[in-house]
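1. Output the structure for:
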Amino acid sequence: MSELRELEAELRTRFRQQASLLAAGEAASDRTRREELYVLAARCFLNAVVVDETVAEEVAAHVRAILPPHPMAPEETLVSLGPYVLPFLPGPADVDSTTARRVARLICEIGGPETIPFARRYALHESVSVRTQFAMSWSRFPTEEYAREVLARMPLADTTLVVTGADQLRHLRELPAVESLGLRGSCDGAQLRSFLSDVDLRDLLIVSNKTLAELSFLRELPRLNQLGLSGCSALKDLSGLRESGIEVLQMEVGRLTHADLSPIHQMPKLSSLRLAYGDSPSISGRSGPS
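-> Below you'll find the model as predicted:
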């Protein structure tokens with residue numbers, strides 16, 4: 001019996017703590033402090049083994065009040081509550097594009113499998129800036145499920161899809177038309193040749209790739225118009241640029257020599273060139289290195 005009384009006393013103490021946090025939030029004159037107290041009360045609620053229904057309803061009401069479309073919704077603080085906030089979010093048809101973008105950012109920051117149904121609803125939004133949030137956040141969700149349930153259902157032709165490795169690249173063939181791709185992370189030329197061969201890319205940016213040594217995969221991308229290369233420390237062979245249809249090229253030179261850069265002279269459609277030499281000024285123009 002004594003253990004039961006102790007448990008009951010502890011529960012009463014926890015309920016009083018949650019209620020006092022809510023009361024303190026209501027009394028706070030500073031908006032930021034008020035929102036912090038509401039979120040702290042929600043955290044206490046989420047950590048409770050046993051919950052009081054009245055307190056639960058009060059916590060939910062206060063959290064709902066500081067979510068978008070609240071103009072000053074504390075997004076970073078709300079992210080700390082994780083999937084708990086998802087059922088309280090407004091639907092995409094109930095908000096303007098500015099609020100939809102903020103909700104989309106919150107969904108993507110929370111991430112994880114529980115958010116996929118909510119991401120799916122917002123990923124169909126007519127605003128490109130809203131859909132861009134989901135096109136850039138693949139790595140925050142389970143790879144295959146997100147590809148199937150979100151990316152495969154949304155228009156991608158007018159935004160840039162960001163991928164972070166071969167596990168995501170292998171799903172590109174299952175997605176609607178992808179014209180602009182940002183690749184962060186290491187994939188070698190053979191992997192790029194395999195995964196991009198059926199993708200009708202116009203714009204490709206490769207960043208922080210430590211294994212890419214050559215560009216022969218570009219022959220699989222006949223309609224590629226723009227290419228950016230940054231942080232590709234292993235890149236040495238640029239012969240894949242020869243006779244390509246690329247019109248815009250931006251790249252970090254790194255340890256490449258003038259001889260290594262010579263294939264740039266043999267790019268017949270090149271109209272814009274930007275080479276970054278470390279901290280030295282970038283070189284822009286039609287002509288290749290001399």
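
2. contacts and neighbour counts: CA atoms only from here.
-> Fine.

3. Go ahead and confirm Glu252 touches Lys236.
-> No. With contacts defined as Cα atoms under 8 Å, Glu252 does not count as touching Lys236, sitting 11.9 Å away.

4. what about Val150, distance to Val95?
-> Val150 sits 20 Å away from Val95, going by Cα to Cα, to the nearest Å.

5. Have a look at those two and say which one is more surrounded.
-> Using other Cα atoms under 10 Å, the more surrounded residue of Val150 and Val95 is Val150, with 23 against 14.

6. from what I can see that one touches His125, true?
-> No. The pair Val150 / His125 is not scored as a contact, 11.8 Å apart, by Cα under 8 Å.

7. joint contacts of the two?
-> Common contact partners of Val150 and His125 (Cα atoms under 8 Å, 6 or more residues apart in numbering): none.

8. Find the helix or strand that the closest residue to Phe88 other than its chain neighbours is a member of.
-> Closest residue to Phe88 apart from its sequence neighbours, by Cα to Cα, 6 or more residues apart in numbering: Arg64 at 5.8 Å. Element membership for Arg64 (DSSP states H and E) is helix 53-66.

9. Name the next helix or strand downstream of that helix, please.
-> Next in line after helix 53-66, if elements are assigned by DSSP H and E, sits helix 75-79.

10. residue ranges for the strands of the stretch 51-200 of the chain, please.
-> For the stretch 51-200 of the chain, the strands defined by DSSP state E, counting those that start in this stretch cover 160-163, 180-184.

11. Quick one: list the elements packing against the last one.
-> Counting contacts by 3 or more Cα pairs under 8 Å, 6 or more residues apart in numbering; DSSP states H and E, the secondary-structure elements packed against strand 180-184 are strand 160-163, strand 203-207.

12. do that again at 10 Å, thanks
-> strand 160-163, helix 166-169, strand 203-207, strand 226-230 (3 or more Cα pairs under 10 Å, 6 or more residues apart in numbering; DSSP states H and E).

13. how about these in TSV, adding mean pLDDT and distance to Thr257?
-> Below are the helices and strands packed on strand 180-184 laid out as TSV (pLDDT from 0 to 100; distance: least, Cα to Cα, whole Å):
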stretch	mean pLDDT	distance to Thr257
strand 160-163	97	30
helix 166-169	94	29
strand 203-207	96	20
strand 226-230	97	16
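
14. For the residue lying closest to Leu212 once chain neighbours are set aside, give its distance to Ser216.
-> Take Leu212 and drop its neighbours on the chain: the residue closest to it by Cα to Cα, 6+ apart is Asp188, 4.6 Å away. Here Asp188 is placed at a distance of 11 Å from Ser216 (Cα to Cα).

15. repeat for Arg105
-> Arg105 is 37 Å from Ser216, by Cα to Cα.

16. the more surrounded of those two?
-> Neighbours were tallied for Arg105 and for Ser216 using other Cα under 10 Å; the higher tally belongs to Arg105 (21 against 17).

17. Pull the contacting residues for that one.
-> Listed by Cα atoms under 10 Å, 6 or more residues apart in numbering, the contact partners of Arg105 are 75, 79, 99, 111, 119, 130-134, 137.

18. Also Asp260?
-> Applying Cα under 10 Å, 6+ apart, the residues contacting Asp260 are 235-239, 253, 289.

19. ok so it is a strand residue?
-> No. Assigned with DSSP: H, G, I helix; E, B strand; the rest coil, Asp260 falls outside any strand and is coil.

20. where does the stretch 151-290 of the chain dip in pLDDT?
-> Along the stretch 151-290 of the chain, segments meeting pLDDT under 70 span 278-290.
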